[in-house]
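Q: Got a sequence here, can you build the structure:
(one chain, ligands or ions: 1)
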Amino acid sequence: MRERLLKVIHSPWCLLLPLPFWALVVGFLYLQNSSTLQDAGYEMARQRGEVAFHLVQTLRYWNAQHGGVYAPLTETTPENPYLDIPEKTIVSPSGMALTKLNPAYMTRQVAELMRGSSLEINLTSDQLMNPNNQPDAWESQALNRLKNQALSEYVEVVGDRFRYMAPLYMEQGCMACHAHMGYQLGDFRGGLSVSFPVSYVKRLTNDLHRESRQTHLLAFLLLCITGSLAIYGLQRLLKYLQLERSQRESIIEQRTASLHQEINRHRESQERLRFLAHHDELTGVANRRRILQELQRLMLQQELQPERHLALLMLDIDHFKRVNDTHGHDVGDTVLKGFVKTLQHELRRDDLLGRYGGEEFLILLPDTQMNQAWQVAERLRLAVEAASYQHDELELKITTSLGIALYAVQDNISQDELINRADTALYQAKREGRNCCVIWQASASD
Ligand SMILES: Nc1nc2c(ncn2[C@@H]2O[C@H](COP(=O)(O)OP(=O)(O)OP(=O)(O)O)[C@@H](O)[C@H]2O)c(=O)[nH]1
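A: Now for the predicted structure:
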């Protein structure tokens, strides 16, 4: 799992990871921002409608405050047929006919002037005096809502136009003309609607939208670059740490290996020491200490089991000094090792061969009687005589002499005495011309 994660982090594709991540985050923020901008545009449009409404309303109050205003009677400004008041039309001292414009007439004239421009207004009501002020479908619905739900305004986008309507209520100035319709002060009288193209709102927010797009795109690019750089830095750091780790591991491995070598060397030298404590270094057979220990053990064993027999052979190489003197000590060593191998080859598993000292060897033959011991000694002698030992180009032949002593409990002799008997027999064999076997006899020592 950890390896897979590291592989992913080190892949070059990992550098591109910030792209989808920041695309999602920045995209989400951009959409939110766009929605806020759209709301702001809508609010600006609403305020435009509200301002226009208040302007016309203020104009109407001004007119109402004056109880209507007079304007020259012309073709475009005829008498208001819906106005039933005295002095609706008067003549100035200079003879100019003047007709009265009440707030509604004035509003209608202003609306006419604004028709076709980017901002249109319309005065309408659910109880009309002037049928020309008939509300359209949207205005009817708006009037309904304003009246029934007592709304302060009603706003909606209808097709490609933004539409705004606010209510008009009966005020003191209106009563002169409308009291006869049954209205009282504060009653809902109608509404003034304002409309303009939606494109106006879009024009207002387009720049903001473009700026928002550019800002978000820039932020996206900067975040992607920063993110990729951060990942690149992380990759470098991880590589460095991995390198450090592998170097440390290889140092530990090296140290562990050398420690193992040291432990093995130590173990080998300990084994060697343990081996040398009981064996001869040159030939590998039991050393003097071990062979004497074993002889002691067998003699004790025999004391417990007197019916058993033990034979001891002492032997050495004939004229071995000559070998050393003629060919050198190394050749002498080779011959000694070969001599031991020849002997071992002829012995049983229970027999024990040991180096007693110099080129003298002892052989313990447990459970061996006189004639058997003789046979073994002869077999060994003949085997040595038949063998030859190679050292480089040199081939050497040797002979051996053997002394045989038998141990019987009833003799009541010590280990040293037993060894002496074998030594005496060996000495006798040397005297008899070497390359022969001699059994110790009481008379021989005399
Ligand atoms: N190369 C070698 N020679 C050894 C070793 N131990 C003893 N010797 C030699 O064995 C020789 C024994 O000589 P001697 O005691 O005179 O006996 P020998 O020459 O064998 O004559 P005999 O025993 O009378 O036949 C000496 O020259 C010792 O130096 C050894 O470990 N290696």
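Q: So which bits of this protein are right by the ligand?
A: Within the chain, the positions near the ligand by C-beta under 6 Å from any ligand atom are 282, 316-321, 324, 329, 332-333, 336, 358-359, 430, 434. All C-beta spots, glycine's among them, are computed from the backbone N, C-alpha and C.
Q: what about the stretch 301-446 of the chain, any weak spots by pLDDT?
A: 443-446 (pLDDT under 70).
Q: where along it do the helices fall?
A: Using DSSP state H, counting those that start in this stretch, the helices of the stretch 301-446 of the chain run over 320-327, 329-346, 370-386, 415-431, 442-445.
Q: what do you get for the stretch 1-150 of the chain?
A: For the stretch 1-150 of the chain, the helices defined by DSSP H, counting those that start in this stretch cover 2-10, 18-65, 103-114, 137-148.
Q: What average pLDDT does the last one get?
A: The average pLDDT within helix 137-148 is 95.
Q: buried stuff in that helix?
A: For helix 137-148, the neighbour count (16 or more other C-beta atoms under 10 Å) marks 138-139, 142-143, 145-147 as buried.
Q: Equivalent analysis for the third one, please.
A: Along helix 103-114, the positions that meet the burial threshold by neighbour count (16+ other C-beta under 10 Å) are 103-108, 110-111, 114.
Q: ok, whichever residue of the stretch 301-446 of the chain sits closest to the ligand - contacts?
A: In the stretch 301-446 of the chain, the residue that lies nearest the ligand is residue 332 (2.5 Å; C-beta to the nearest ligand atom). Counting by C-beta atoms under 8 Å, 6 or more residues apart in numbering, residue 332 makes contact with 320, 323-324.
Q: how close does residue 186 get to residue 58?
A: Using C-beta to C-beta, to the nearest Å, residue 186 is found at 19 Å from residue 58.
Q: Output the residue of the stretch 1-150 of the chain whose distance to the ligand is smallest.
A: residue 3 (62.2 Å).
Q: can you count the residues close to that residue?
A: Residues lying near residue 3 (other C-beta atoms under 10 Å) number 7.
Q: quick revisit: of the residues of the chain next to the ligand, select the buried ones using a PyMOL command.
A: A single PyMOL command is used to select the members of the residues of the chain next to the ligand judged buried by 16+ other C-beta under 10 Å:
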select buried, resi 316+317+318+320+324+332+336+359+430
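Q: that older thread, which ones are touching the residue of the stretch 1-150 of the chain closest to the ligand?
A: Residue 3 neighbours (C-beta under 8 Å, 6+ apart): none.
Q: With distance to residue 244 added, can I get the helices of the stretch 1-150 of the chain in TSV?
A: Converted to TSV, the helices of the stretch 1-150 of the chain look like this (distance: least, C-beta to C-beta, whole Å):
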stretch	distance to residue 244
helix 2-10	14
helix 18-65	27
helix 103-114	80
helix 137-148	75
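Q: Between those helices, which has the poorest mean confidence score?
A: When the helices of the stretch 1-150 of the chain are ranked by mean pLDDT, helix 2-10 comes last with a mean of 82.
Q: what distance separates that one from the middle of the whole chain?
A: Chain-centre distance of helix 2-10: 6 Å, with C-alpha atoms, centre = their mean, to the nearest Å.
Q: Could I get the CA-only coordinates of it as PDB?
A: What follows is helix 2-10 as a C-alpha-only set of coordinates in PDB (Å, rounded to 0.1, in the frame of the first residue of the first chain):
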ATOM      1  CA  ARG A   2       2.800   2.400   1.000                       C
ATOM      2  CA  GLU A   3       4.800   1.400  -2.000                       C
ATOM      3  CA  ARG A   4       1.800   2.100  -4.300                       C
ATOM      4  CA  LEU A   5       1.200   5.500  -2.700                       C
ATOM      5  CA  LEU A   6       4.800   6.400  -3.200                       C
ATOM      6  CA  LYS A   7       4.600   5.300  -6.800                       C
ATOM      7  CA  VAL A   8       1.600   7.500  -7.400                       C
ATOM      8  CA  ILE A   9       3.300  10.500  -5.800                       C
ATOM      9  CA  HIS A  10       6.400  10.000  -7.900                       C
END
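Q: Show me the strands in the stretch 251-400 of the chain, by range?
A: Under the criterion DSSP state E, counting those that start in this stretch, the stretch 251-400 of the chain contains strands at 310-317, 352-357, 360-366, 389-391, 394-396, 400-407.
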